[in-house]
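> just need the structure, nothing else, for what follows:
(one chain, ligands or ions: 1)
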Amino acid sequence: MSSYLRGTAEIVRSYLRIAALVPSGGAGLLSLLVALNLILGILPVLFVVATSVMIGHVPAAVTGGVGSSEWQALVIAFIFASAAFVGQQILAPLQVALGELMARRVDGKIHQRLIVASLRSPGIGPLEDQRILNDLSQAVRNLEFGFRTPGVACAALLSLLARYAQLLGYVFLVGLVFSWLAAAALLATTMIFRKGNRGGLRTYGRVFYGNIETLRETDYYRGVAIHAAAAKEIRVFGLSGWLSGKYRGLQLGLLEKIWAERRRIYFVPYLRYTAFGLIVAAVVLAALGRAAALHELSLTQLALALQAALAALRLGENYAEADTQTQFGMFAYDGVQDFERGMAEYEERTVQLEPRRDPHGLPRQEIRFEGTGFHYPGSDRSVLDGLELVLPAGRCTAIVGLNGAGKTTVVKLLARLYDPTEGRLLVDGIDLRSFDVDDWRRQIGVIFQDFNRYELTAAENIGFGAIEIAGDRERLREAARRAGVLATLERLPLGLDTPLARQYENGAELSGGQWQRVAIARALFALENGASILVLDEPTAALDVRAEAAFFDRFVDVTRGATALLISHRFSSVRHADRIVVLEHGHVIEQGSHDELVALGGRYAELFRLQAERFVDEDVDLETVNAADIAGDEESDDRGGFAAPEPVASAGTEDAR
Ligand code: ADP
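Presented below is the predicted three-dimensional model:
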């Protein structure tokens, strides 16, 4: 009994949480839906009353004949019954339509909340946190399916008004014309049936979400299989069979688990509830029969009590228009709320040291990593360990190291996507945490390895570097020109207003190299808006060593005077940086200029020689390559958009053309 009450209380609580969302659909619509659902609840009860009165009049009307007053009473009851029936038929579609409107309005607000929550955290930590990702996945999954959203749950919750108004109406009729005890027994039985149906659904839903990680995995495989992005590789590598087998295996494993749980949740309780329901129904019906036999009930009363009792019992069923919707919509809403809470917790944890300082124009001297240690949330492995690193202002520093050395982590700390777990970062001696996160980020332009290729116009792709001045055409063009991509963009169908995706009208696809230049233009545009630090984090990983060297050389060239940071795992491509820092296992092991490091004869010298030898193997002279590439040839293509080796004289800069 106590578990019954606990379960019921939980369902009521979840209904209340959804109910709290309902007003966001608008007060007018809400009142209309409440009224409509109550009417839809009352009409079937009126139908039962009218048909019972009709049945009660039948014997006398037959005796009195057509035209008798009894006959007329029968006809009037018939008209009432018909009106109640037709009324339901007319109002039911309206209930669906208004419910959909309510769902759309509420879901619109929920989407906004999700977007606000996703963007609110100053760091990206939460979006790499498994727990928060699960919450987000639960929320988004249901929102995307569309029929299990919090909004749909709101409409469904209101439709319960119709069902329960009906139930109370029937029970009231039984009490009124027959027995209040029988009425109470019927109400209890119906509610127990409901608990079986609805409560089972709740437990079943939990099983579903208990497997959210598998669900996310299956979503991923399905996405890979049906979306265009991987279509080429899947075909070229013949992955279709493997992919569908993997998807099928995961899906079947999950379904088998769910099926087993479903038998446990529904089948055994079903037998118990059914037995109980049958006994109560049998007792009530027998008592009714007995009362009728003893002439304690009129024909109308008997018809009324019988119809109402059976209709009440039938309301113990699963409500197709409400149950799944309220349950899964509620899960989705839980996901939204948990996600919001998780993100808020992260935000609260973001340290803001007082007094707050203004980073504008900094650094004038240096950025210093002081005894910096870092491990990613949820992992104990130190990625950086007592890192001491200085980035002098106005100079270009390169960090090189093998994959996994911690280079990108250095960039993430610099951009304050994470805070160090030990030590600190100082900008001209000021702790980085004294700056407002957004103010600090405005000082930095970063091009990450996986920089975004927005399916928006070329101007927007560049303008995102400094959204505040994104409308300034002259500066946009200047950034594009310095990045060496202006002429390419101007040749597109709508010039800088061309959407950079082929699927849009007048859209165009850029080559990998052209995209890299757009990304550089984005960073340079940030510089136009007062950013003072530029970071290139291996956006060239897909290029060969030679093209990367050329790309970096151009970067060094166009960012002269800014505090620049170049990241690469290729030792031979950063020779022109003012200073080169070699990072290994989160420590600086060597630093100096290219010549100094070569003279030192250490790690850098060794790896530089190895990679330079590869140039020689490819029969290319490094000096020639760099000289040509610094000049920058926009006409070239995918090798980073920079020139293949050719005589300096013929390369020509864009300005010269
Ligand atoms: P690099 O840029 O030098 O290749 P990274 O800074 O990306 O190296 O990574 C350093 C180490 O941190 C690697 O071992 C990597 O596996 C780990 N790492 C990177 N990102 C995460 C993350 N989000 N969560 C946990 N570990 C991470």
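> okay, now the domains of this protein?
As given by automatic domain parsing, the domain ranges for the chain are 2-115+123-212+253-345, 453-528.
> hey, which of those domains is tucked in deepest?
domain 453-528 (a mean of 20; mean count of other Cβ atoms under 10 Å). (Glycine included, C-beta is placed from N, CA and C.)
> looking at the domains of the chain, spot the one closest to V224.
Relative to V224, the nearest member of those by Cβ to Cβ is domain 2-115+123-212+253-345, separated by 16.2 Å.
> tell me which element the most centrally placed residue in the chain is part of?
Nearest to the centroid of the C-alpha atoms of the chain, with distances taken as Cα atoms, centre = their mean, sits V140, at 4.7 Å. Assigned by DSSP states H and E, V140 belongs to helix 130-145.
> next SSE downstream of that helix?
Counting by DSSP H and E, what follows helix 130-145 is helix 150-177.
> got the angle between the helix or strand just after that next one and helix 150-177?
Sequence-wise, the next helix or strand downstream of helix 150-177 (DSSP H and E) is helix 180-194. Using axes from the mean of the first three to the mean of the last three Cα atoms, to 10 degrees, the inter-axis angle of helix 180-194 relative to helix 150-177 is 160 degrees.
> helix 180-194 - contacts with which helices or strands?
Helices and strands touching helix 180-194, by 3 or more Cβ pairs under 8 Å, 6 or more residues apart in numbering; DSSP states H and E, are helix 150-177, helix 268-293, helix 299-314.
> tell me what the shortest one is packed against?
In other words, helix 299-314. Counting contacts by 3+ Cβ pairs under 8 Å, 6+ apart, helix 299-314 packs against helix 27-64, helix 150-177, helix 180-194, helix 268-293.
> make sure E509 is indeed in a helix.
No - assessed with DSSP: H, G, I helix; E, B strand; the rest coil, E509 is coil; it does not lie in a helix.
> got the phi/psi numbers for it?
Note on E509: its backbone torsions stand at phi -100, psi 130 [degrees, to the nearest 10].
> which SS state does the closest residue to it other than its chain neighbours fall under?
Spatial nearest neighbour of E509, excluding adjacent residues (Cβ to Cβ, 6 or more residues apart in numbering): R502 at 4.6 Å. Following three-state DSSP, R502 is assigned to coil.
> assumed V351 was part of a strand.
No - counting by three-state DSSP, one finds V351 to be coil, located in no strand.
> was I right about it contacting R433?
Yes - at 4.8 Å, V351 counts as touching R433 under the criterion of Cβ atoms under 8 Å.
> nearest to the ligand, of the helices and strands packed on helix 180-194?
Nearest to the ligand, of all those, is helix 150-177, at 30.4 Å by Cβ to the nearest ligand atom.
> what is the mean pLDDT for the closest one?
Computed over helix 150-177, the mean pLDDT rounds to 95.
> between it and helix 130-145, how many degrees?
On the basis of the same axes, to 10 degrees, helix 150-177 is oriented at 70 degrees to helix 130-145.
> so for the nearest residue to L32 once chain neighbours are set aside, what's the pLDDT?
Nearest residue to L32, sequence neighbours excluded (Cβ to Cβ, 6+ apart): L98, at 6.2 Å. pLDDT recorded at L98 is 96.
> likewise W515?
Note for W515: predicted pLDDT of 86.
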